[in-house]
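Participant: can't give you the sequence, but here's the structure:
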């Protein structure tokens, strides 16, 4: 459906950008999982805007409230409902743009689909819609780590505009990334990226780029061989994020320039006698199923559509006009804040496939 | 689930590469749709191997039989089951590779997931698994065109290895593509690609590349605003195909190198007074919903894993060995045969979202 | 899943009896449907306890708040989230029963399934869980009536214990039922039922019975021919209500005592030339699909498990004990309050199948 | 959807009564389950008509063929497709009835829903549609028994017309039932039932009745607490069978005539110290979840609609006529052949919920 994700770890989200609030129901999370409200809040804080000069000034606290499913910080096995109330909803910021179809935005397509549209702001097509996903992902992470304690997912800004970071995927750490205001662990690139962002901000323009993300210590056997391949589910999850234009698994497009003899990851035994691959061009997945190596993805984000330059467009009354956005609170570059979103979608997909794998093989992770 | 796709136009596929046969059930196709068995056969013929020197010599006829759901070439509204029996199943071709985990293949991950594996060949992780999808897509196309007669989907080989075709997406035609043995409509590139493929074949190696695909005359309003965004569903559908490594919507990665002011597609009115966009960098989708412009995707395929060169790997008994594939029937480059697969997945996604849209708005396409 | 219902009109509920609150997300409701918060409140008020001497004294107002999906009393097409906060949660009322498995209750099975249980009260296995369903049903009704303005669903108490009401199903009206404190429109039976209820209340015992429910002006063509038969979906919906023990469609068990020649509903033409049936023993459904006649169901409720008499049971520490419930707020007979629950589930099923039918045939209700 | 059942043990069926064949795909069955084709055939043989004077003379062998998913009698974890080809399809038997809406049949509702109908016979609304379910159930049973070796499900004819059998549910055995041509283990009742059936056959009339069914050794913890209650899923499964009019769990309607103090099943410890209930009026389920006691259901079947007496009805051209079925092959009483259908649906529901429970608690059945 429109706002449901997952087969067994099932998330339903709700909420408009300028309504009462946003949130989610997580249905299918097993009982007995420890989850503090603070862990959810901490996930939400990472996506929160307004934290520095590189992001939108919309400065909401986005405080979450668990409505059900958790008692004494332990899941009951019942649906977990979480809500974040909107505080800073200046609907009239948007009055001037309510009658036009903003280029690159969902205004026109929403209008064509629903015949109506929220009175202000982007409704569901706002980045605030991701609040429910991120809250759910905190629970997904708690569940996955209850079964695989050393499972970790680390995303980072790999490129902004034409500034490419140089990152060693094998050794990158979460703290390294979080130490950077724009979540790029390559200090040299980071400086250039910051300059580019401030430059675009000054110009009233916006920048895109690429977020990469790695999942480590994920056991072999997760995923499905046909339609629900692990990479297919990840692709859907990532493309469901606002502004995403591309998805690559493993070496992605680079692999398409190689010959089979160069691209195949040879199997070998590691020092413990376990099967590993020499290279990891396939990004930890073969035939839709994880092989135990790190899972690596790349997600491309377009420059956000909201810019503060003169643009041509059409009104709801079908008149061509020229307009320039006067107000609103928007990031010149969403990449830094997209990192926790990519990680969140990754946790949701893994939690779902872990539950699915246990149904097929209850001895999974034991054998 | 593992082998189900779609919310309303629901396809379940079955079949192993070397078992009795392969096929599908299509559940949810409305009644009264005209569909000839020959139209399904024609879809299957386009994916069939062994048709020229550029593809695998496995030369099956892949004859389909409709088992249910269609009477006098019209759908009954009941599930449509279609089967293609395997004819050319030389299981012993595969005996030598049955005890090893072939690099790049799903042998290892299938074994880890299921604890068992088909006695020969790749089981579900074979390109033959796509037979069920292609048969279903013929029905999907018939349904979509019953509602939108001029809807069309055209895929083509856009790049093989480093040979990039030069294609005008606006004017490309289906016949132009089909006139090329390797489904590349750019004559110059085609010749170079053929050389590359034969070179790789001689070397016992394989090549990857990119398939692009355009859907024209798709009305605005298809898709969903959150998890089931049209591009997200397309991404999943494409990544569920064997050997796919990347997905791009519209200008994809190229968009991530632009500024918002360069990337936004300005709305304007065309000569009929309808809303169109000046450029189409977003590939016909905004906020997960089609905007009426052509929908354009790019799908990257890795070089296939089966090569005829010495490779290192590990046996099921966990011994490291070196091996060289002696036999088997495999394409040096799957791109030409991937074109109908990409088109097929596209039809399946569109059929599903068209049914979904009618449930929300029965007057869709009328108003 | 556990707490999701519906294929297209999709309801997810959440909330424990003694937690923060209860509610639902409705996903898939089309845009442009008029729905006042007061209409939802009015649905909730009908299921609300504590309104007279025949029901539990738990006297909460159960005030609903729409969190999303509705603006200016019109649906946006986005998920509609509704919450009712718990006010009167005397968790310590339940302290004495927290360590035992109450006979007839879900305490034991919940404990066996989840290994844990809410600290007080019945958690999800409480009648309060139905709040989310009833709120969703108000929206379902608004949607169905937007397409079929004269569609109506009327439930009533048909039997309590051994007191059978005499009701003419063809002419019964909603107001007639609501005029009765215990929702039994047969004045004679009503008086005897009231006596029986007060008698049981005095004894500290409880009573069961049967709710019947009729849906009128439902067009022919709703439902599916195999697993999702309309009566099958209704059966599931009704059996998912707490305390339900039986479901009958049409004349139900009575039909099983007839011969085919007595039970078949002969088709004929009515004065307008439309196809109707002479009798309606099948309850408006044939082969899983509505035939345009009134749809009639009977739902049997057991006497509720909470009684105030000495009972034998077992503690969580597996000791046999005898206990007598001292407090808690419970109905001696749930039948009167079960009427809106049965109606609610009926609206939810109809809304879902109406959406499904429009996807198959957008001209449904027009032709 | 129309022809899909199950969340994880997912069955899709196909096939018209007079088309090429009928069958199913089972998706989600784990790998490594032993299943002989003969076990599936044996399930199909039990539902097969034409075996004695009490059933329809349509005497097909209904030979099944496994198309995929099983190798060397062990499941691969891939979709299991099974087909039964129609042999005895005398379509012209039905020519005389093709233009009328037979009373009690799905002809009219199918026509209203689909605007078309199979040229002969009942299409999907035929009892032959159950072939796919029964084949799938053989696999479901194999899966459930691989986890719970002593799990058993036994159905029997409990009543035909007004002849009530006297059966001790605790001790009834499968062989006892199968020893009876009409699957009634009470010898006295059996004789009277046979007489009634032959009497109805002579009259050209038909009889209904009740099938009861018990599942033994099902562990506590299967089911879900809200919409997917075990009894709700069973109710849906049973009402999805042709001709079913009622469903009861445990003592069903009889419970509604008791007081809570009479109806509650007191918990106690058995000789092994395990929690059991003294009585089993609730039929092994509380709050939607199994409690470890036998699960007992009752399913009411109407007398089949096909009779050989003069009846009034309407033609497709909307003319009132009187007709008398001249031919066709139909049971005067489906109850005996309904027994394996009820058992089959029970196995399918249990298999699905067992998979679901393992996903939530992989240690289920171990702890």
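Facilitator: Happy to help now that I have it. Since we're looking at a predicted model, the values are computed, not measured. Numbering: from 1, shown residues only, chains lettered A, B, ... in the order given.

Participant: which parts of chain A sit against chain D?
Facilitator: A:7-8, A:28, A:30-31, A:77-78, A:225, A:355-356, A:358-366 (CB under 8 Å from any CB of the partner chain). Using the backbone N, CA and C atoms, a C-beta is placed for each residue, glycine as well.

Participant: would you write out the ChimeraX command that picks the buried residues out of those residues?
Facilitator: This is the ChimeraX syntax for the buried subset of the residues of chain A next to chain D, where burial follows 16 or more other CB atoms under 10 Å in any protein chain shown:
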select /A:7,8,28,30,31,77,78,225,355,356,358,359,360,361,362,364
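
Participant: which ones among the residues of chain A next to chain D also lie next to chain C?
Facilitator: Okay, of the residues of chain A next to chain D touching chain C (CB under 8 Å from any CB), that's A:8, A:28, A:31, A:77, A:78.

Participant: from what I can see the last one touches residue D:225, true?
Facilitator: It refers to residue A:78. Yes. Judged on CB atoms under 8 Å, residue A:78 makes contact with residue D:225 at a distance of 7.3 Å.

Participant: related to what we said a few turns ago, can I get the ones next to chain C among the residues of chain A next to chain D in TSV including pLDDT, secondary structure and distance to chain B?
Facilitator: TSV is the format used below for these (pLDDT from 0 to 100; DSSP: H, G, I helix; E, B strand; the rest coil; distance: CB to the nearest CB, whole Å):
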residue	pLDDT	secondary structure	distance to chain B
A:8	96	coil	11
A:28	96	coil	15
A:31	96	coil	24
A:77	94	coil	23
A:78	94	coil	22
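
Participant: which one of those sits closest to residue B:236?
Facilitator: For those, the residue nearest residue B:236 by CB to CB is residue A:8; the value is 17.0 Å.

Participant: for that closest one, which residues are in contact?
Facilitator: Going by CB atoms under 8 Å, 6 or more residues apart in numbering or on different chains, residue A:8 touches A:28, A:352, A:355, A:356, A:359, C:1, D:8, D:356, D:359.

Participant: let's see it at 10 Å
Facilitator: Residue A:8 sits next to A:27-30, A:351-359, C:1-2, D:7-8, D:355-356, D:359-360 when contact means CB atoms under 10 Å, 6 or more residues apart in numbering or on different chains.

Participant: hey, which helix is longest across chain A?
Facilitator: Longest helix of chain A, by residue count under DSSP state H: helix A:335-360.

Participant: so that one, near chain B or not?
Facilitator: Yes. Judged by CB under 10 Å from any CB of the partner chain, helix A:335-360 comes into contact with chain B through A:335, A:345, A:348, A:356, A:357, A:360.

Participant: per-residue confidence at the residue nearest to residue A:306 when sequence neighbours are not counted?
Facilitator: Nearest residue to residue A:306 in three dimensions, chain neighbours excluded: residue A:330, at 4.2 Å (CB to CB, 6 or more residues apart in numbering or on different chains). On the pLDDT scale, residue A:330 is placed at 73.

Participant: kindly report the same for the one 3 residues further on.
Facilitator: As predicted, residue A:333 sits at a pLDDT of 94.

Participant: so is stretch A:249-257 next to chain B?
Facilitator: Yes. Stretch A:249-257 is in contact with chain B by CB under 10 Å from any CB, via A:249, A:250, A:251, A:252, A:253, A:254, A:255, A:256, A:257.

Participant: show the backbone phi and psi for the closest residue to the fourth one other than its chain neighbours.
Facilitator: In other words, residue A:252. Of all residues not flanking residue A:252 in the chain, residue B:246 sits nearest, at 4.5 Å (CB to CB, 6+ apart). Note on residue B:246: backbone dihedrals following degrees, to the nearest 10 are phi -150, psi 150.

Participant: show me what residue B:246 is bridged to.
Facilitator: Here residue B:246 sits in beta bridges with residue A:248, residue B:300, as judged by DSSP bridges.

Participant: neighbours of residue A:284, just the number please.
Facilitator: 27 (other CB atoms under 10 Å in any protein chain shown).

Participant: any idea where the helices of chain A begin and end?
Facilitator: Counting by DSSP H, the helices of chain A are A:37-47, A:107-114, A:130-147, A:174-178, A:187-203, A:230-239, A:260-263, A:335-360.

Participant: pick the most buried one from those.
Facilitator: helix A:230-239 (a mean of 29; mean count of other CB atoms under 10 Å in any protein chain shown).

Participant: next, the angle from it to helix B:107-114.
Facilitator: Here the directions of helix A:230-239 and helix B:107-114 differ by 90 degrees (axes from the mean of the first three to the mean of the last three CA atoms, to 10 degrees).

Participant: so for helix A:230-239, mean pLDDT?
Facilitator: 98.

Participant: enumerate the beta-bridge partners assigned to residue A:285.
Facilitator: Assessed by DSSP bridges, residue A:285 has beta-bridge partners residue A:290.

Participant: and what of residue A:34?
Facilitator: Taking DSSP bridges as the rule, residue A:34 bridges to residue A:74.

Participant: thought it was touching residue A:141?
Facilitator: No. The criterion here is CB atoms under 10 Å, and residue A:34 misses it with residue A:141 at 11.5 Å.

Participant: how far away is the residue of the stretch 1-150 of chain A found nearest chain D from residue A:143?
Facilitator: Closest residue of the stretch 1-150 of chain A to chain D, CB to the nearest CB: residue A:30 (4.7 Å). Residue A:30 sits 7 Å away from residue A:143, going by CB to CB, to the nearest Å.

Participant: mutual contacts of the two, please.
Facilitator: Here residue A:30 and residue A:143 have A:9, A:75, A:351, A:355 as joint contacts, going by CB under 10 Å, 6+ apart.

Participant: may I have the residues that are in contact with the second one?
Facilitator: If I follow you right, that is residue A:75. Counting by CB under 10 Å, 6+ apart, residue A:75 touches A:26, A:29-35, A:69, A:139, A:142-143, A:146, C:114, C:116.

Participant: cool, and the first one?
Facilitator: Shown here is residue A:9, whose contacts under the criterion CB under 10 Å, 6+ apart are A:26-30, A:136, A:139-140, A:143-144, A:347-356, C:1, D:359.

Participant: try it again at 6 Å.
Facilitator: If you count contacts by CB atoms under 6 Å, 6 or more residues apart in numbering or on different chains, residue A:9 has them with A:28, A:351, A:352, A:355.

Participant: how about residue A:127?
Facilitator: Residue A:127 touches residue A:242, counting by CB under 6 Å, 6+ apart.

Participant: give me the pLDDT value at it.
Facilitator: Note for residue A:127: predicted pLDDT of 83.

Participant: how close does it sit to chain B?
Facilitator: 11 Å (CB to the nearest CB, to the nearest Å).

Participant: quick check: whichever residue of the stretch 201-350 of chain A sits closest to chain D vs residue B:81, distance?
Facilitator: When scored by CB to the nearest CB, the stretch 201-350 of chain A has residue A:225 as its residue closest to chain D, at 7.3 Å. To residue B:81, residue A:225 is 21 Å away according to CB to CB.

Participant: right, I'll leave it there.
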